Each structure stands twice: as structure tokens, then as C-alpha cells.
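Chemist: let me see the structure of the following:
(chains A and B)
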Amino acid sequence: MSLNQLTAHELHEKLKAREITSVELTESVYGRIDAVEPQVKGYLTLTKDIALKQAQKADEGFVNGDDMSPLAGIPIAIKDVICTKDVKTTCASKILSNFVPPYDATVMTKLNQQGIVMVGKTNMDEFAMGSSTENSAYQITHNPWNLDTIPGGSSGGSAAVVSADTAICSLGSDTGGSIRQPAALCGVVGMKPTYGRVSRYGLIAFASSLDQIGPFTKDVTDCALVLNAICGNDEMDSTAVDVQVPDFTQALINDIKGLKIGVPKEYFAEGIDTEVAEIVNEAISEFEKLGATVEEISLPHTEYAIATYYILAPAEASANLARYDGVRYGYRADEPANMIDMYKKTRSEGFGEEVKRRIMLGTFALSAGYQDAYYKKAQKVRTLIRSDFDKAFEKVDIIATPTSPTPAFRIGERTADPLQMYLCDVMTTPASHAGLPGISLPCGLVESGLPVGLQLLAAPFDEETLLRTAFTFEQNTEHHLQRPKL
Amino acid sequence: MATIDTDGVSHVANLARLEFNDTETQEFTETLARILDYIGKLDELDTENVEPTSHIHPLQNITKADVVKPSLPRDEVLSNAPEPEEGFFGVPRVIDTD
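Modeler: Model (predicted):
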């Protein structure tokens, strides 16, 4: 195996033993990028000069025998929705095509303190709005398992580069499933922590009551390592929660005897691909073999999650995206007649179609006369969805479901019908409404060779049980070792 | 729940500071109406006595000590401005002098 194919924890051992250098590792990642990135197109910006300097610095630390973090010298890719000081951050939008943040997001400050190597910025759906990464203003990312299919979205680039071994791990963001769904479709591990676990400072806002940053990794151990690095309260984000951050690697215990796992019947209803259902059911029976008890549960408001999401998220987005007006940063239209004309032309030329559609939906749902019927109604249904989960977690420790109702679909297959695209998120949005932590794990391949994801959900701030369950599954199966033949 | 027509789309577009040509207005009207029709599903639920969730954690106002800290230097703040002008953000004339 070449260095770029290994996990962060394997590489850390080699770096510490000085069997390898971070510069060699970084060169190995860029070698792979030269070979496959023209087909995958997962990156919007590569930062090789910065990466090599960071790698040299990490190597100096290892040579000096400094106390090096588990992520020191590890090449990591960053979704282009996260602000990186002095490195262009576009959100895959024309309106931010020239935006160079003068500050780092809190997660970047934290990762840089760990001494990571930043490989580059990854492609995504514009403003994280989409489920296939086809809404990028710049390029279409291809799924490494089958280049004719989508990688999922909105963090499709971050999922694809880990799957293609062009990064060791990556960061994404999840609003309604944008980490979990692409992780499932690209056959990697992806986790959305509890809302409030990770600071959103410097994460370009989409829907502030739902957005959360999280990792893509090749295994559960790496997931715990990245969580250790990025979690924590932050005075720059008043929605970051002041709870203790445990050492998540302590939760990596290969034992789930006596654990109660709930399987919600609503997630296996109509619309789910039969192969996906079979593979996920097999994974769930694996938990029984490992000593957990599995019982059917009901989350009766599941079918309302998408409708609720497509009011709340666009409503919040319409407010958040009001800032793109051509005044302080980003694109400005040429020769406007006056201020209002400048706003309208800048926004109409700078935003893509899906972003405009969501701004329109959200503005409508918040407009005079409709706010109670739409926005407030959706907030109330959000309460019902949350209380379904509250009741379920009185009985079970973990909820297991498919992450996505289907494997990756073909590029272009769903772009004509926005509603069909929205329904991709039917299994991930419910947990988003409740702010729950969720992880997607590889759990097998369908006959056509595409990966299937198993979603595990836990009660708020119980990432440790989530990681323990995921780790036990991984230690006793080999699905995570399957790689695309790229 | 309501639906939306082309006049509604034009009204909302103005509120959102967007502008569409006739073809776009027609397309947005059709897709938004279809999405709103789907969203109408929420009417099946009786939410009369349900409290709305605006945020999932029981957050109170968060305050911090009123201490002056350095902020970004002006030239860095203006470094992304489309038309910086004498230390300010330049914009088209707002007050008509004619």
C-alpha cells in the first residue's frame, strides 16, 4: 500500500517512529492527485505550497522529539464552505469567486494548532445546497466507485477525495445530511456531531439552527481523532455548547454486549432500494451477533421531515444569504443604475439556480401573511420530530437506519426535478431537526459495485456510544477495507 | 396552504432582491408551486397545542465581559471589497443630486 492509502492513526505511528516523513506522505498524496484528480474533480483549490511547508514543520517536530498530536503532518482536505485565512473560499459560488478570508474558521485554528497539512479546498453544492454536488458553480465531482455517478452532497468533494485516497481525511458540513449521505455514497466514514459540539465560527452560514461541521475518514478511529481536534465551546459562536469534550478515542471499545439498538420501521418503507434494505438489514443482524439487542421502533413523524426541512432551511438561508449584496466582498455586477439595481443584478448574476430557488422559498415562507402557515407550522412539526426521538431514546441507546435510500445515482439523473433531489435526504434530515449526532459507516456493496451506508444515531452529546457501536461493527467486519478500483 | 402564481413570484423576488426574466419567472412559479404542494403535507398534522422549536438546545442569552479586543485592521477588512474608496466601501450614489 502506498502512504496516501493509509489511515491517520497508521501514519502517525510511522511518523513517530520516523519510518516516514510528512513531506514524503504529502508528496504521495499529491502524486495520487496528479493521477486521479482529473477524473474525480474533488478539489476546487489545491494548496501544495502551504502543505509542503506545513509538512516540513511537522517533520522538524518529529525529528526534535516534540510531543506531536495524532494529526500532526497528516494531509487533510477542507470543504470550501470553511473560511481559511489567505486561501480562497468560494462556497462553490460565483458570488464568492474572489473571496479570500482575512481570518480562519475556529476549526481551522484548532486543526492548525494540531499541525495538520492542508491539501486543498473541496468541491460542494453551491452554499451547501444540494445532494449531489452538481450544484457547484465550477465543476462536477465524480464518485470514485463509478465515475458516471454522483458522489452525493453537499460535501461531495470531501467524501470523494477521502474515497479516492487524495486526502487522508477531510472536513465537511452537514445541514440536512451533507456529511452522512456523501459518506455513504462514497464508501467512507462520515460523522455529524451533535449540534453545538463544534464551533460554526467561520463556517459560511446556510441554515444556522442546523449547520454542523464534521469529519470524513477511512475508519472510526480516525473519526475520533478528528473529533478530538475540532470539538469544543467557542466564544465566537454563541450556539456552541459549553459541555465537556471527552477524549473520544477512549470510546473506541470493541464491545456492545447489552446495548439496545432500535430500528425504525418508517425508514424501510416505500422508496427504499431493495438491495440497500437487504444490506442494511444484514448489518443490523451483525449487531445481534455481537451481543446487542435489536428491536423495532417507530418514529411516526419521519415522513414529514423533508417538508419541514424545506421550509426551515430555506427560511434561515434567505436571511443568511442577504449579506451577499456586492458591497463588502465577493462579486459585484457591472454598472448598476443605483443601489437597489446593484443588489438585484449582483445577486441574480452571482447565485446559481438552486440557491435562488431556496432564497425564494425561504423569503416566501417568511413573508407577510405566510409566516404562521409555513415557518411556524414547520417549527411545530420540528418539535414533533424531536419528541419522536426523545421517546425512542428512553428505550434504546442507538438507532440504526440506512443513510440513503439508494446508492449513488447517475450524473444528471435528478437535476431536472428539484423535489426528487430533495427526497435524497429523507433518512438524514430527521436527525438534523433534532440536532442528534449521526455517523454513516460503509456496510457493503450493491451488485453494481456501489457502496451502501449504515446510519447510526445517538442521543444529543452521546457521541461516545455512537463511536463505540461504530467501532465494534468495524472491528468485526471488513466493509471499510473495500476501496474503489480507480 | 397557499400556492404561488407569477405575480407572487415577482413580489417575492423583489423582497429577496432578485430579478427574473419572463421565462425564469414562469419556471420558478412552476417549481415553487410543486414544492409548496409537497410541503402542504404538513397540514395533515394537528399542531394546535405544539410548541415551536426554534433551536434544539435550551440556550439563554450568552454574555461576555465588555473588554476591548483587537479587530481586523481596516486594510484587511477592505481587501475583499469590490470598490474600496478612501478607507470605505464604495457603492453607487444613493442620494440623487439632480
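Chemist: who's in contact with the residue most central in space within chain A?
Modeler: Chain A has residue A:179 as the residue nearest its centroid, 2.1 Å off, counting by Cα atoms, centre = their mean. Contact analysis of residue A:179 by Cβ atoms under 8 Å, 6 or more residues apart in numbering or on different chains lists A:155, A:158, A:159, A:172, A:173, A:190, A:191, A:192, A:214, A:215, A:216, A:440. Yep, even glycine has a C-beta here, placed from its N, CA and C like the rest.
Chemist: low-confidence stretches in the chain?
Modeler: Using chain A. Low-confidence segments of chain A (pLDDT under 70): none present.
Chemist: not quite, I wanted chain B
Modeler: Using pLDDT under 70, chain B drops low at B:1, B:97-98.
Chemist: beyond whichever helix in it runs longest, next helix or strand please.
Modeler: In chain B, with assignment by DSSP state H, the single longest helix is helix B:22-39. Downstream of helix B:22-39, the next assigned helix or strand under DSSP states H and E is helix B:74-77.
Chemist: how about that next one, does it reach chain A?
Modeler: Yes. Counting by Cβ under 8 Å from any Cβ of the partner chain, chain A is contacted by helix B:74-77 at B:76, B:77.
Chemist: and the following helix or strand past that helix, anywhere near chain A?
Modeler: Later in the chain than helix B:74-77, the nearest helix or strand by DSSP H and E is strand B:84-85. No. Strand B:84-85 is not in contact with chain A by Cβ under 8 Å from any Cβ; minimum separation 9.6 Å.
Chemist: who wins on neighbours among the contacts of residue A:179?
Modeler: Among the contacts of residue A:179, the one with the most neighbours (other Cβ atoms under 10 Å in any protein chain shown) is residue A:158, at 41 neighbours.
Chemist: the helix or strand in which that one is found: which residues count as buried?
Modeler: According to DSSP H and E, residue A:158 maps onto helix A:156-163. Within helix A:156-163, the residues scored as buried using 16 or more other Cβ atoms under 10 Å in any protein chain shown are A:156, A:157, A:158, A:159, A:160, A:161, A:162, A:163.
Chemist: let's have the residues you listed in JSON lines, adding distance to chain B.
Modeler: Formatted as JSON lines, the buried residues of helix A:156-163 follow (distance: Cβ to the nearest Cβ, whole Å):
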{"residue": "A:156", "distance to chain B": "22"}
{"residue": "A:157", "distance to chain B": "23"}
{"residue": "A:158", "distance to chain B": "24"}
{"residue": "A:159", "distance to chain B": "25"}
{"residue": "A:160", "distance to chain B": "28"}
{"residue": "A:161", "distance to chain B": "27"}
{"residue": "A:162", "distance to chain B": "28"}
{"residue": "A:163", "distance to chain B": "31"}
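Chemist: export those to a markdown table and append columns for distance to residue A:339.
Modeler: Compiled in a markdown table, those are given as follows (distance: Cβ to Cβ, whole Å):
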| residue | distance to residue A:339 |
| --- | --- |
| A:156 | 37 |
| A:157 | 36 |
| A:158 | 37 |
| A:159 | 41 |
| A:160 | 41 |
| A:161 | 41 |
| A:162 | 44 |
| A:163 | 46 |
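Chemist: out of those, who's nearest residue B:8?
Modeler: Among the buried residues of helix A:156-163, residue A:156 lies closest to residue B:8 (Cβ to Cβ), at 33.2 Å.
Chemist: from residue A:101, how far off is that closest one?
Modeler: 22 Å (Cβ to Cβ, to the nearest Å).
Chemist: excluding its backbone neighbours, what's nearest the residue in the stretch 151-300 of chain A that chain B sits nearest to?
Modeler: Nearest to chain B in the stretch 151-300 of chain A, going by Cβ to the nearest Cβ, is residue A:238, at a distance of 4.4 Å. What sits nearest to residue A:238 in space, not counting adjacent residues and going by Cβ to Cβ, 6 or more residues apart in numbering or on different chains, is residue B:62, at 4.4 Å.
Chemist: what helix or strand is the closest residue to residue B:16 other than its chain neighbours on?
Modeler: Spatial nearest neighbour of residue B:16, excluding adjacent residues (Cβ to Cβ, 6+ apart): residue A:363 at 4.2 Å. If you go by DSSP H and E, residue A:363 is part of helix A:353-366.
Chemist: for that helix, buried residues please.
Modeler: Buried residues in helix A:353-366 (16+ other Cβ under 10 Å): A:354-366.
Chemist: repeat for stretch A:76-86
Modeler: So stretch A:76-86, judged by 16+ other Cβ under 10 Å, has buried residues A:76, A:77, A:78, A:79, A:80, A:81, A:82, A:83, A:84, A:85.
Chemist: what does stretch B:69-81 give?
Modeler: Residues of stretch B:69-81 classed as buried by neighbour count (16+ other Cβ under 10 Å): B:77, B:78, B:80, B:81.
Chemist: name the SS class of residue A:214, please.
Modeler: For residue A:214, the assignment made with DSSP: H, G, I helix; E, B strand; the rest coil gives strand.
Chemist: can you tell me the SS state at the closest residue in space to residue A:178 that isn't next to it in sequence?
Modeler: By the measure of Cβ to Cβ, 6+ apart, the closest residue to residue A:178 outside its immediate chain neighbours is residue A:154, 4.1 Å from it. Under three-state DSSP, residue A:154 falls in the coil class.
Chemist: so what's the residue count around residue A:154?
Modeler: Using other Cβ under 10 Å: residue A:154 sits among 33 other residues.
Chemist: surely it touches residue A:128?
Modeler: Yes. Using Cβ atoms under 8 Å, residue A:154 makes contact with residue A:128 at a distance of 4.1 Å.
Chemist: with the buried residues of stretch B:69-81 in mind, which one is nearest to residue A:185?
Modeler: residue B:80 (34.1 Å).
Chemist: ok, now which ones touch that closest one?
Modeler: Per Cβ under 8 Å, 6+ apart, neighbours of residue B:80: A:98, A:99, A:100, A:102, A:328, A:329, A:330.
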